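Engineer: Here is a sequence with its predicted model. Questions after.
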Amino acid sequence: MSIKTILITGANGEIGHGLIEQLSEQGGMHIVAMDMVPIEESIRLRCHRIVTGDILDSHLLETLSTEHNFDTIYHLAALLSTRAERQPNLAHRVNVDGSLNLLEIAVTQSRLQGREIKFIYPSSIAVYGLPDIATKQRVGKVKEDQWLTPRTIYGINKLYTEQLGRYYANFYRQLDAEPPKGQVDFRGVRFPGLISAATLPTGGTSDFAPEMLHMAAKNKPYTCFVREDTCIPFMAMPDAITALLKLQAAPREKLTRMIYNVGAFNPSALEIFQIIQKAFPKPDVTFTSDYRRQAIIDSWPADVDDSAAHRDWDWWPKYNMEQSFAEYLIPAVRKRYAIK
Ligand code: SER
């Protein structure tokens, strides 16, 4: 059996870490890991090749494409929502132009290799935009095709990139009179907020949950930037990695959509605080809502309907809220910060 080659962009980020660990445990593949910043040593050792560079550098991507035959591209690199609001122009370049560069590479590779190249894309609940809290509370779980009116540039970038993926996946099907030899098999999941014990996100708006946990574990004070009643869906990082791998492995004919919601649990900020409070003595948390970040979170749905993912590719999270904290997050952060 030939060894597969996998390209991962944004490899040094939160999802990248977990994904590289899982893929390298599976074995049988070469991981080409790319990031703007040098990749951490623990992850570096698991990769076949490390590329430090920018996804906006088309020349670098083209060179990579001539040097490898990729089977699958996991395009994880992105600027998250809070940071993107501060630098919308940069966000557009990284999140849209960068994604376009990667999709072009996937098309080139599929034509050269004469086969399907899988393109796995983490989208986000930020693609949804609820107009106000009353609507958010009323609608509860949103389906994939509802409320696609994002308020943030990040949500707009993600939604547009989903559409680009659909376009590139269908492009040659529409053009070629003959059955095409190569295609881009674009598949995306819309992630809720993710909580990892191993890493902290940077520049996201769902960061209040992981930050509250890590600061409590480090015994440091934390000002939570959303109200106590704020509610969005969350997921433990191991389940997010499982979702990417399961979607990647699903037989094409089972997939009725290109983009799927995935959910796990949807606590309020207060419920997260209460669960952390049980594990760490007297966490020093104050709730001071930040006007801008609160507005972003209030426009995201309180929950997602992920029944299509259940049905099509047997998606089920391993961790509900209690299990996420009791079996994964709390023991792992205790170990990380060496708390007895
Ligand atoms: N977690 C991301 C953010 O907060 C949303 O996908 O920006």
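Structural biologist: Nice, I can see it. Being a predicted model, the structure only gives us computed values, none of them experimental. Residues are numbered from 1 along each chain as shown.
Engineer: Tell me where the model's unsure across the stretch 101-250 of the chain.
Structural biologist: 171-181 (pLDDT under 70).
Engineer: Which parts of it are strands?
Structural biologist: With strands called from DSSP state E, counting those that start in this stretch, the stretch 101-250 of the chain shows them at 116-124, 141-142, 183-191, 193-195, 222-224, 234-236.
Engineer: Tell me the helices and strands packed up against the third one.
Structural biologist: Judged by 3 or more C-beta pairs under 8 Å, 6 or more residues apart in numbering; DSSP states H and E, the packing partners of strand 183-191 are helix 98-113, strand 116-124, helix 153-175, helix 237-249, strand 259-261. C-betas here are computed from N, CA, C, even on glycine.
Engineer: Quick check: phi and psi at the nearest residue to residue 238 once chain neighbours are set aside.
Structural biologist: Setting aside the residues directly before and after it, residue 238 is nearest to residue 328 in space (C-beta to C-beta, 6 or more residues apart in numbering), at 6.4 Å. Reported as degrees, to the nearest 10, the phi and psi values for residue 328 are phi -120, psi -60.
Engineer: repeat for residue 220
Structural biologist: Dihedral pair for residue 220: phi -120, psi 150, per degrees, to the nearest 10.
Engineer: Pull up the gap between it and the ligand, please.
Structural biologist: Per C-beta to the nearest ligand atom, to the nearest Å, residue 220 is found 21 Å from the ligand.
Engineer: For that residue, which non-adjacent residue is spatially closest?
Structural biologist: Closest to residue 220 by C-beta to C-beta, 6+ apart is residue 284, at 7.4 Å.
Engineer: Check residue 157 too.
Structural biologist: Nearest non-adjacent residue to residue 157 (C-beta to C-beta, 6+ apart): residue 95, at 3.5 Å.
Engineer: can you tell me how far the residue of the stretch 151-300 of the chain found nearest the ligand sits from residue 80?
Structural biologist: Nearest residue of the stretch 151-300 of the chain to the ligand (C-beta to the nearest ligand atom) works out as residue 204 at 2.8 Å. Taking C-beta to C-beta, to the nearest Å as the measure, residue 204 and residue 80 are separated by 4 Å.
Engineer: now residue 54
Structural biologist: When residue 54 is compared with residue 80 (using C-beta to C-beta), they lie 17 Å apart.
Engineer: How about the most centrally placed residue in the chain: which residues does it bridge to?
Structural biologist: In the chain, the centroid-proximal residue (C-alpha atoms, centre = their mean) is residue 122; its distance is 4.1 Å. Beta-bridge partners of residue 122, counted by DSSP bridges, are residue 189.
Engineer: gap between it and residue 326?
Structural biologist: Distance from residue 122 to residue 326, counting by C-beta to C-beta: 26 Å.
Engineer: Next: residue 212.
Structural biologist: Between residue 212 and residue 326 the computed distance is 16 Å (C-beta to C-beta).
Engineer: more neighbours, these two?
Structural biologist: Per other C-beta atoms under 10 Å, whichever of residue 212 and residue 326 has more neighbours is residue 212, with 23 against 15.
Engineer: so the more buried one sits right up against residue 287, yeah?
Structural biologist: No: here residue 212 does not reach residue 287: they are 10.0 Å apart, not a contact under C-beta atoms under 8 Å.
Engineer: Quickly list what's touching both of these two.
Structural biologist: 224, 269 (C-beta atoms under 8 Å, 6 or more residues apart in numbering).
Engineer: The residue nearest to residue 220: neighbouring residues, count only.
Structural biologist: 12.
Engineer: just residue 2 next, same as before
Structural biologist: Quick note: residue 2 (other C-beta under 10 Å) scores 7 neighbours.
Engineer: could you list every residue that touches it?
Structural biologist: Counting by C-beta under 8 Å, 6+ apart, residue 2 has no contacts.
Engineer: cool, residue 102 as well?
Structural biologist: Shown in contact with residue 102 (C-beta under 8 Å, 6+ apart): 9, 55, 61, 73, 75, 119.
Engineer: Please name the residues that touch the fifth one.
Structural biologist: This points to residue 75. Residue 75 makes contacts with 9, 10, 99, 102, 119, 120, 121, as judged by C-beta under 8 Å, 6+ apart.
Engineer: Most widely separated two among those residues?
Structural biologist: 10 and 119 (14.0 Å; C-beta to C-beta).
Engineer: Which one's more surrounded, the two?
Structural biologist: Legend: neighbour count by other C-beta under 10 Å for residue 10 and residue 119, higher for residue 119 (29 against 22).
Engineer: thought that one was touching residue 185?
Structural biologist: Yes: applying C-beta under 8 Å, one finds residue 119 in contact with residue 185, separated by 6.7 Å.
Engineer: and for the two, which residues touch both?
Structural biologist: Joint contacts of residue 119 and residue 185 (C-beta under 8 Å, 6+ apart) are residue 169.
Engineer: ok, back up a step: return the distance of the residue nearest to the centre of the chain relative to residue 167.
Structural biologist: Distance from residue 122 to residue 167, by C-beta to C-beta: 18 Å.
Engineer: Are the helix or strand containing residue 23 and the ligand in contact anywhere?
Structural biologist: Element membership for residue 23 (DSSP states H and E) is helix 14-26. No: Helix 14-26 lies apart from the ligand when judged by C-beta under 6 Å from any ligand atom; the minimum separation is 9.1 Å.
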